[in-house]
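Colleague: only the shape, not the letters, is given here:
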């Protein structure tokens, strides 16, 4: 009996440590626990953040209207965790009664929207849903009625044509001049991160970094055999295995000494899918996950060591340092009230002074991957982005610092493009990366 207990202990010890060695990935919350966190954050946002934003933008009534499976992107972020879509036609009304009384949160629907919006459609009194909505409007008598339509921001343009037409047809004449675009309010709702969200966001970014460390390692990459597409699908599988989701299909590309400048001249849309990875390759990965309704977007570099090599060639190390310097130049230009186009212009000017060949294409991130807020360049629009680039920077907003710096690498005899992307948060007067940033090129195998 004693020997049996001893053997059980030995086997338990071996398998426990084997499992630990194979995976350092933290345990994720169960589906139920995730739902509780999502709803807790949403309740906090509705109770404490939304009133501030409505008052900042001067809209005292905000109305969101969607039919099932054709939801306004903003409405999707307000649905509780147990609602995976709108039901029939769902109408949400937020009415600001002032600082003392707060906001009414009303659902003109056959159901209350979870515990967050109280259903106020009495079908026996108002058989027509639109009439029920009009009674709410007449009763509250708002000064401005915000609807989600926007020329420049798709995420703020969620009111479909038919619903807008019907709304305006049903709306009493006295209120029609009070209807305004809720573009800025919708963007503010989507882009602003609360204290509760910023507590968990670094952990989510850390999860993304952990998956990249595993997916682009000797565990999954065998030079001469593994292709870039193999790595892409390994990343997709890891995301699924860990119980996470990805909001876009990853990409893995190669820069190589004997290829001339074809990689540098190639556009983002013309990367080969099947490219065998070889010693001496510089790998680039673009990858993002979704967890607790927040998204990540990360780009990193990995160098495949040649036989006998112990470190990354110095020229590539120098190129990577220039990439980090460009990150610092860009984030140093963040200032409340500056537009995305102003930040872009100032950062590119500073990079030119530092003799860095630069391209900046940074975007907000949060409840969406390419999220609402100021666009800071696009890879094919380095002179500024009309509309979305004119929007100003606000505090407590998050960004994927996405860019490249090109540097002549003597060992390769050509320009190498270091494409970096890391997620961070802008506060009132400073920018911080949520889970740090890649500080040097990682090697395969790790050294």
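Modeller: Here it is on my side, so go on. Just so you know, these numbers come straight off a predicted model, no measurement behind them.
Colleague: mind listing the helices for the stretch 51-200 of the chain?
Modeller: 73-78, 129-140, 161-170, 183-191, 195-215 (DSSP state H, counting those that start in this stretch).
Colleague: which of those helices sits most buried?
Modeller: Mean neighbours per residue, mean count of other Cβ atoms under 10 Å, is largest over these for helix 183-191, with a mean of 24. (Glycine included, C-beta is placed from N, CA and C.)
Colleague: pLDDT score for residue 232?
Modeller: pLDDT, residue 232: 97.
Colleague: what comes into contact with the host helix or strand of it?
Modeller: If you go by DSSP states H and E, residue 232 is part of helix 228-241. With contacts defined as Cβ atoms under 8 Å, 6 or more residues apart in numbering, helix 228-241 is touched by 211-212, 214-216, 220-221, 245-246, 249-254, 272-275, 277, 283, 285, 287, 289.
Colleague: switch the helices of the stretch 51-200 of the chain over to CSV; also include mean pLDDT and distance to residue 153.
Modeller: Listed next are the helices of the stretch 51-200 of the chain as CSV, based on pLDDT from 0 to 100; distance: least, Cβ to Cβ, whole Å:
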stretch, mean pLDDT, distance to residue 153
helix 73-78, 95, 10
helix 129-140, 94, 25
helix 161-170, 96, 16
helix 183-191, 98, 6
helix 195-215, 97, 21
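Colleague: quick one: which of those helices is nearest residue 360?
Modeller: The minimum distance between residue 360 and those falls on helix 183-191, with 18.8 Å, by Cβ to Cβ.
Colleague: so what does the closest one touch, helix or strand wise?
Modeller: Packing partners of helix 183-191 (3 or more Cβ pairs under 8 Å, 6 or more residues apart in numbering; DSSP states H and E): helix 50-57, helix 73-78.
Colleague: so where is the stretch 251-400 of the chain shaky, pLDDT-wise?
Modeller: Within the stretch 251-400 of the chain, the ranges that satisfy pLDDT under 70 run 260-273.
Colleague: now the strands: where do they sit in it?
Modeller: 251-255, 282-287, 290-291, 294-295, 298-304, 357-360, 363-364, 397-409 (DSSP state E, counting those that start in this stretch).
Colleague: looking at the ones you listed, spot the one closest to residue 189.
Modeller: Judged by Cβ to Cβ, the one of these that comes nearest to residue 189 is strand 397-409, at 11.7 Å.
Colleague: what about the residue nearest to residue 167 when sequence neighbours are not counted, how many neighbours?
Modeller: Nearest residue to residue 167, sequence neighbours excluded (Cβ to Cβ, 6 or more residues apart in numbering): residue 65, at 6.6 Å. Around residue 65 there are 26 other residues, counting by other Cβ atoms under 10 Å.
Colleague: identify the bridge partners of residue 65.
Modeller: On the basis of DSSP bridges, residue 65 is bridged to residue 91.
Colleague: cool, residue 362 as well?
Modeller: With DSSP bridges as the rule, residue 362 is bridged to residue 376.
Colleague: strand 251-255 and the helix holding residue 232, what's the angle between them?
Modeller: Angle of helix 228-241 versus strand 251-255, following axes from the mean of the first three to the mean of the last three Cα atoms, to 10 degrees, is 150 degrees.
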